[in-house]
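Undergrad: below are the sequence and a predicted model for it; my questions follow.
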Amino acid sequence: MNLADGVQIVSFGVLALMMLGAALGVVLLENIVYSAFLLGGVFISIAGLYILLNAGFVAAAQVLIYVGAVNVLILFGIMLVNKRQNFVPLRNAWVGKATTAVVCLGLFALLGAMVLSTPWAISAAPVAGDTSTVVIGLHFFSDFLLPFELASVLLLMALIGAIVLARREFLPDALEREQTQQPVLTLPERPRELASVAPGSPDRTLGTSPTKRNV
Amino acid sequence: MTLQYFLILAAALFCIGIYGLVTSRNAIRVLMSIELLLNAVNINLMAFSNYLDPSGIKGQVFTVFVITIAAAEAAVGLAIVLSIYRNRDTVDMEQFNLLKW
């Protein structure tokens, strides 16, 4: 299943432009909610690039896990942490940003020169294509079995660790205080309620309130 | 459509991710920059898998592992950000000086 070359070039260009623009938006925009949604755009563009690279299974996994789980998780994190505050401006903040930009551009130039000067050993073997899911499954259960099992254990550890870290620790103390202070808080309130509900009959309120107070 | 296009694209995404990782002050934006870095590595692995090893696609297997670990990292990272936010009442990276001298 090879698309024609022109279609491949055009779709690669469109996906690359989408991906780089959305990634720059993630890094540079002020509003972090826009950044989170643009991060979803980056992930979807990368899934399209995977389809161009004859890997449909990993593209589906990318959409499911990154767009469906990680991006939604980040949006929930933003909602939980969203505090409208302006950060205190630092002195000479532009020096750090300029230095970082120069270092990143230099790193990009270095990586680009390395990529363009290395003689890659392009293989001419037949592409796995649609059978890639079967091949990945065979790898998982033969020569990558130990990392596969370790990944499942790591996911369990991350699940429990995230719950332990994000749990509110003062919850049991609050429950104990509520249970111990409940009779102290409610019983003095009852005579006032009865007096306010039935102000014309003081005998009944005086007669019932001591019994309720004992209960 | 050659290998070099994908590698240069991944290098550009990696550099954007490093810039965001160093310069952003919101802790959640730092987590998003880490996701960008991991995705750049994934693009590299997938390009190598398609052009250098197209029949026994080991790069795709590695990509699935990286996606798994990135999901775990996002969950734990957001939990850490939440607990820091409860303790310090801010998400500013410049005020997280608990481990500074």
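TA: Perfect, I can see it now.
Undergrad: residue ranges with poor pLDDT in chain A?
TA: For chain A, the stretches flagged by pLDDT under 70 are A:1-3, A:169-215.
Undergrad: does any bit of the helix ranked longest in chain B sit next to chain A?
TA: Among the segments of chain B that qualify as a helix by DSSP state H, the longest is helix B:58-88. Yes - contact of helix B:58-88 with chain A (CB under 8 Å from any CB of the partner chain) involves B:58, B:60-61, B:63-65, B:67-76, B:78-83, B:85-86. (Each C-beta comes from the backbone N, C-alpha and C, glycine too.)
Undergrad: does the host helix or strand of A:Val153 reach chain B?
TA: Element membership of A:Val153, judged by DSSP states H and E, is helix A:145-166. Yes - Helix A:145-166 lies in contact with chain B when judged by CB under 8 Å from any CB; the contacting residues are A:Pro147, A:Ala151, A:Leu154, A:Leu155, A:Met157, A:Ala158, A:Leu159, A:Gly161, A:Ala162, A:Ile163, A:Leu165, A:Ala166.
Undergrad: please pick the buried ones from the residues you listed.
TA: A residue is treated as buried here by neighbour count (16 or more other CB atoms under 10 Å in any protein chain shown); on that basis the buried members of these are A:Pro147, A:Ala151, A:Leu154, A:Ala158, A:Ala162, A:Leu165, A:Ala166.
Undergrad: taking these, tell me the two that lie furthest apart.
TA: Spatially, the most separated pair among these is A:Pro147 and A:Ala166, at 27.4 Å (CB to CB).
Undergrad: what does the helix or strand harbouring A:Phe37 rub up against?
TA: Per DSSP H and E: A:Phe37 is located in helix A:32-52. Applying CB atoms under 8 Å, 6 or more residues apart in numbering or on different chains, the contact partners of helix A:32-52 are A:8, A:11-12, A:15-16, A:18-19, A:22-23, A:25-27, A:29, A:56, A:58-60, A:62-63, A:66-67, A:70-71, A:74-75, A:78, B:1, B:6, B:9, B:26, B:28-29, B:32, B:35-36, B:39, B:42-43, B:46.
Undergrad: grab the nearest non-local neighbour of A:Ala60.
TA: A:Ala47 (7.8 Å; CB to CB, 6 or more residues apart in numbering or on different chains).
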